[in-house]
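Engineer: Would you be able to build a 3D model of this:
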Amino acid sequence: MASITPRTFGQVIRERRRKLDLTQQDLARRIEMSMPYVALLETGARHPSDKVVVKLAAALALDPRELFFLANPGTKELVSKDQRSSGASAWDGFVKDENLRKVHDITDQEMQTLSQVAMMGEARSSRDFIFILNTIRQAFGQ
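Structural biologist: Numbering: from 1, shown residues only. Prediction:
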């Protein structure tokens, strides 16, 4: 997998697509999206879902974790690569806190997305998951 240098998400997608000699239409077909959508991603006018990030990473041979963090720069500082050696993880506590999930009206689909984020590293607290969720909701205008 190729490494991602510190540029914007759109710049990385465009540069990698060009390096692989792909048109926007070629890439759109590979990720099962429209060509205008790929153009909007490259210009930063649209924010990709986690599923689109995974498809783009596979189509462009990029590291999906790095691409996710590039698309969601605020989340990287919330997630640590170090796993805690003792005690319950922040994710375990978050999952068990039904009241917190009710207060924030967290859907099953959002829990699934957050579980994927949790697999990327160890968040420090349930509060980190709420911040990530609110960031995702804001990106989708919810």
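
Engineer: alpha carbons only for contacts and neighbour counts from here, please
Structural biologist: OK.

Engineer: ok, and the helix or strand in this structure with the lowest average confidence?
Structural biologist: strand 79-80 (a mean of 58; mean pLDDT, DSSP states H and E).

Engineer: right, and the helix or strand after it?
Structural biologist: Elements were assigned by DSSP states H and E; along the chain past strand 79-80, the next helix or strand is helix 90-96.

Engineer: buried stuff in that following helix?
Structural biologist: By neighbour count on 16 or more other CA atoms under 10 Å, the buried set for helix 90-96 is 90, 91, 94.

Engineer: which among the residues you listed gets closest to residue 42?
Structural biologist: Taking CA to CA as the measure, residue 42 lies nearest residue 91 of the buried residues of helix 90-96, at 32.5 Å.

Engineer: Grab the most central residue of the protein for me.
Structural biologist: residue 68 (3.7 Å; CA atoms, centre = their mean).

Engineer: That one contacts residue 50, doesn't it?
Structural biologist: Yes. Using CA atoms under 8 Å, residue 68 is in contact with residue 50, at 7.1 Å.

Engineer: can I see the domain layout of the protein?
Structural biologist: With domains defined by automatic domain parsing, the chain comprises 9-71, 81-139.

Engineer: mean pLDDT for those: which is lowest?
Structural biologist: Ranked by mean pLDDT, those end with domain 81-139 at the bottom, a mean of 79.

Engineer: Run the chain-centre distance for it.
Structural biologist: Computed by CA atoms, centre = their mean, to the nearest Å, the chain-centroid distance of domain 81-139 equals 14 Å.

Engineer: swap in stretch 38-46?
Structural biologist: Distance, stretch centre to chain centre, for stretch 38-46: 15 Å (CA atoms, centre = their mean).

Engineer: One more: stretch 133-142?
Structural biologist: 12 Å.

Engineer: tell me which residues of it are tucked away?
Structural biologist: 133, 135, 136.

Engineer: Please give me every residue in contact with the first one.
Structural biologist: Put plainly, it is residue 133. 110, 114 (CA atoms under 8 Å, 6 or more residues apart in numbering).
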